[in-house]
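J.: attaching a predicted model along with its sequence, questions to come.
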Amino acid sequence: MSRVLEFEGIRNFRHFGEYAACDGAKVRANLFRSGHFHNATEADKSRLADLNISVVADLRRPRERENEPSSWGEGLRILQSDVAGHAEPPHLQFLREGDLSREGVTGFMRSAYQRLPNEKGNQEVFAAGLRELATHGADEGFVVHCAAGKDRTGIFCALALSLADVGKDDIYDDYLMTNTAVDYDTLIPVVQKRLKDMFGRDVKEDVMKVFLGVDEEFLDVAFQEIGSAERYARDVLGLSDDEIAAVRTNLIAG
């Protein structure tokens, strides 16, 4: 079964549950990760309703949410942070002013993965999302997303799966799946035109793939910042040992 769910206006939507954990256990279903939902069509919204999603962890900054607001139905618990205020997101500032060579973009992505685990807004939503996963009903859907569903979302999913004792290979496979889940042949020209219209900048296709995709090295950088998932959850995110244990217990299918 493919982990990727196809939508008309939503990119990179897929399962991040049902991986094998230790001792023959398995992570439960109804766990989803995605890019933003601003372009969701009516057909997409209908399909989302069928997934019985009750909690949405939105890792975007306030300005991103204002520029591309999501349209959700009633009764959902939305987790988000206003810590970053209305400042321009770092990735937009880089696209406007930064070195858009392949080396420059790769360097930006490395620095982003050093920064993301340490940003207070991300930490706030990471903590809230993990606490939800510690108590969330197994028959209810949970979705975490950012703008593209790959960097902030990728770090959150890697943390959650690590706390559930999923093996490193599966954690990295889940992270790297963005590179096959997204139709870059369609997406890259759209983003190239947007950058030209917004900032007057031309970006080569191979450089766009670095910026829009993921690389094992980037997640390595994030984990170098995080250290062990348990230590980060406890000492940085503020979860108690009981909450950390509950995340694992509740993520494992019965």
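T.: Arrived safely, thanks for sending.
J.: buried residues in stretch 92-100?
T.: For stretch 92-100, burial by neighbour count (16 or more other CB atoms under 10 Å) applies to 92, 94, 95, 100. Using the backbone N, CA and C atoms, a C-beta is placed for each residue, glycine as well.
J.: same thing with stretch 104-120?
T.: For stretch 104-120, the buried set under the neighbour-count rule, 16+ other CB under 10 Å, comprises 105, 106, 108, 109, 110, 112, 113, 116, 117, 119.
J.: nearest to residue 40, of those residues?
T.: Here the nearest of these to residue 40, counting by CB to CB, is residue 116; it sits at 24.9 Å.
J.: the closest one reaches residue 153, doesn't it?
T.: No: counting by CB atoms under 8 Å, residue 116 does not reach residue 153; the two are 10.4 Å apart.
J.: now for the buried residues of stretch 92-100: which two are most distant?
T.: By the measure CB to CB, 92 and 100 form the most distant pair in these, at 13.0 Å.
J.: all helices of the stretch 101-250 of the chain, in order?
T.: For the stretch 101-250 of the chain, the helices defined by DSSP state H, counting those that start in this stretch cover 102-115, 120-135, 152-163, 168-176, 178-181, 184-199, 205-212, 216-226, 229-231, 241-251.
J.: export these to TSV and tack on mean pLDDT and distance to residue 37?
T.: What follows is the helices of the stretch 101-250 of the chain, written out as TSV (pLDDT from 0 to 100; distance: least, CB to CB, whole Å):
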stretch	mean pLDDT	distance to residue 37
helix 102-115	97	22
helix 120-135	97	16
helix 152-163	98	13
helix 168-176	98	20
helix 178-181	96	16
helix 184-199	94	16
helix 205-212	96	18
helix 216-226	98	24
helix 229-231	98	27
helix 241-251	96	24
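J.: residue 91 and residue 212: what is the separation?
T.: The spacing between residue 91 and residue 212, counted by CB to CB, to the nearest Å, is 11 Å.
J.: oh sorry, the question was meant for residue 230
T.: Taking CB to CB, one finds residue 230 at 32 Å from residue 212.
J.: give the contact list for residue 120.
T.: The contact partners of residue 120, taken as CB atoms under 8 Å, 6 or more residues apart in numbering, are 81, 83, 84.
J.: assign the last one to helix, strand or coil.
T.: Going back to what we said before, that points to residue 84. Secondary structure, DSSP: H, G, I helix; E, B strand; the rest coil: residue 84 is coil.
J.: does it touch residue 124 like I think?
T.: No: using CB under 8 Å, residue 84 is not in contact with residue 124, being 9.9 Å away.
J.: quick check: which element contains residue 33?
T.: Per DSSP states H and E: residue 33 is located in strand 31-34.
J.: and the next helix or strand past that strand?
T.: According to DSSP H and E, the helix or strand after strand 31-34 is helix 42-50.
J.: next one: the helix or strand that comes right after that following helix to chain centre, how far?
T.: Tracing the chain past helix 42-50, the next element assigned as helix or strand by DSSP H and E is strand 53-58. Offset of strand 53-58 from its chain centre (CA atoms, centre = their mean, to the nearest Å): 12 Å.
J.: how far off helix 120-135 does strand 53-58 point, in degrees?
T.: 160 degrees (axes from the mean of the first three to the mean of the last three CA atoms, to 10 degrees).
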